[in-house]
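Student: Mind folding the following:
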Amino acid sequence: MYLSFYNLREFPFSMGCDERFFYESSIHAEALANTLYTFQQRKGMVLISGEVGAGKTLVGNMLISRLGSGAQAVFLQHPTQSDKQLLRAVALGLGIRMPVDVDRLDMIDELQQHLVRMYHRGRLVALIVDECQDLNARSLEEVRLLWNWEQDGQKLIEILLIGQPELRERIREPRWEPLRQRITLSYHLGNLPPSDTANYIRHRLRVACSNGQPAVEFTPQSVAEVQSATNGIPRLINVLCDNALLVGYAKGVHCIDREIIGEVLRDMTCWGLRATDEGTGASQPGGVTGG
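Tutor: Predicted coordinates for the structure are as follows:
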């Protein structure tokens, strides 16, 4: 609707995990670079946690992209309900077809043989498991057992666990000590600080621009309001900025100011955010839930 008005070729604040829009904040860049190094050196299991909307899944997608075509990567984005489901999902992700009624031990044997073949071909195999806080105990234990597989003292599969903060609390339980000891690298993706929020908005507008410069500007005051309202959570920044561009288009203006942000917060969000000062559009963060 507003693309040509702002000299954009695509929507800059869409909710998809498009790698082109990945903004390398200091913490996101460090987590991605060190996870990549850990995988390439087969050094151990990695844990990345973060609040809802912090960009965890996008980091997983970026990792797969940077591993390159020489690696085989499986990204499980939906929690499995049993250890056998997890094994089958990994096998399918690696292109291994198995009968519906296959025995669990036969499945393990087939999968392990495949990983050994990949090892001898010099190919790295990576498993990224998203939403790990929702894995049941048997599935989480199966992840640990998968990581134990070795050939010539080298791990056959590298594993990244991605989850919300409660995953960290869960693995602190004594029963998960064996799993916790295998995690050699751990990051928590915090919210963007104010300077990164401003750069994040500019970055996404530049990527989405058709040519030259985007014909829209967020004032420093509006960026500060976005930061205050979203607490620097990338997903919420996207929602707020996309709606702000829509309001700006309806008003026929190319400058997104604090009043427009206030109008969006007041009339177009369902986060429990409310304007506390109708004259300035100041807002208070409310409860935000979701996946």
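
Student: Show me the helices in the stretch 151-291 of the chain, by range?
Tutor: 166-171, 177-181, 194-208, 220-230, 234-251, 258-267 (DSSP state H, counting those that start in this stretch).

Student: gap between S82 and A137?
Tutor: Applying C-beta to C-beta, to the nearest Å, the value for S82 to A137 is 10 Å. From N, CA and C alone the C-beta is placed, and that goes for glycine too.

Student: re the thing from before, nearest to M62, out of the helices of the stretch 151-291 of the chain?
Tutor: helix 234-251 (13.4 Å; C-beta to C-beta).

Student: distance between the closest one and the chain's centre?
Tutor: Taking C-alpha atoms, centre = their mean, to the nearest Å, the mean C-alpha location of helix 234-251 is offset from the chain mean by 21 Å.

Student: Kindly report the same for stretch 245-253.
Tutor: Distance, centroid of stretch 245-253 to centroid of chain: 30 Å (C-alpha atoms, centre = their mean).

Student: Likewise for stretch 108-124?
Tutor: Computed by C-alpha atoms, centre = their mean, the separation of stretch 108-124 from the middle of its chain amounts to 28 Å.

Student: thought S25 was touching G190?
Tutor: No. Between S25 and G190 there is no contact under C-beta atoms under 8 Å: 9.0 Å.

Student: So these two - more neighbours on which side?
Tutor: Ranked by neighbour count (other C-beta atoms under 10 Å), S25 and G190 place S25 first, with 23 against 15.

Student: so who does that one touch?
Tutor: The contact partners of S25, by C-beta atoms under 8 Å, 6 or more residues apart in numbering, come to L192, D196, Y200.

Student: rewinding a little: export the helices of the stretch 151-291 of the chain as a markdown table, with columns for mean neighbour count and mean pLDDT.
Tutor: Formatted as a markdown table, the helices of the stretch 151-291 of the chain follow (neighbours: other C-beta atoms under 10 Å; pLDDT from 0 to 100):
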| stretch | mean neighbour count | mean pLDDT |
| --- | --- | --- |
| helix 166-171 | 16 | 95 |
| helix 177-181 | 14 | 94 |
| helix 194-208 | 19 | 95 |
| helix 220-230 | 21 | 96 |
| helix 234-251 | 20 | 96 |
| helix 258-267 | 21 | 94 |
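
Student: tell me how far the ends of stretch 180-198 are from each other?
Tutor: Stretch 180-198 has an end-to-end distance of 36 Å (criterion: C-alpha to C-alpha, to the nearest Å).

Student: and if you look at stretch 74-81?
Tutor: Across stretch 74-81, first to last residue, C-alpha to C-alpha, it's 17 Å.

Student: Give me the residues contacting it.
Tutor: 57, 60-61, 64, 86, 89-90, 93-94, 125-132, 134-136, 139.

Student: Now intersect these with the helices, please.
Tutor: T57, G60, N61, I64, L86, A89, V90, G93, S139 (DSSP state H).

Student: Out of these, which is nearest to T230?
Tutor: Once C-beta to C-beta is applied, the member of these that ends up nearest T230 is T57, at 17.9 Å.

Student: thought the closest one was touching L160?
Tutor: No. At 11.2 Å, T57 and L160 do not qualify as touching, with contact defined as C-beta under 8 Å.

Student: What strand or helix carries the closest residue to C241 other than its chain neighbours?
Tutor: Excluding the flanking residues, the one nearest C241 by C-beta to C-beta, 6 or more residues apart in numbering is F13, at 4.7 Å. Using DSSP states H and E, F13 maps to neither a helix nor a strand.

Student: any idea how far F13 lies from Y200?
Tutor: Taking C-beta to C-beta, one finds F13 at 10 Å from Y200.

Student: Now the common contact residues for the two.
Tutor: By C-beta under 8 Å, 6+ apart, the residues touching both F13 and Y200 are I237.
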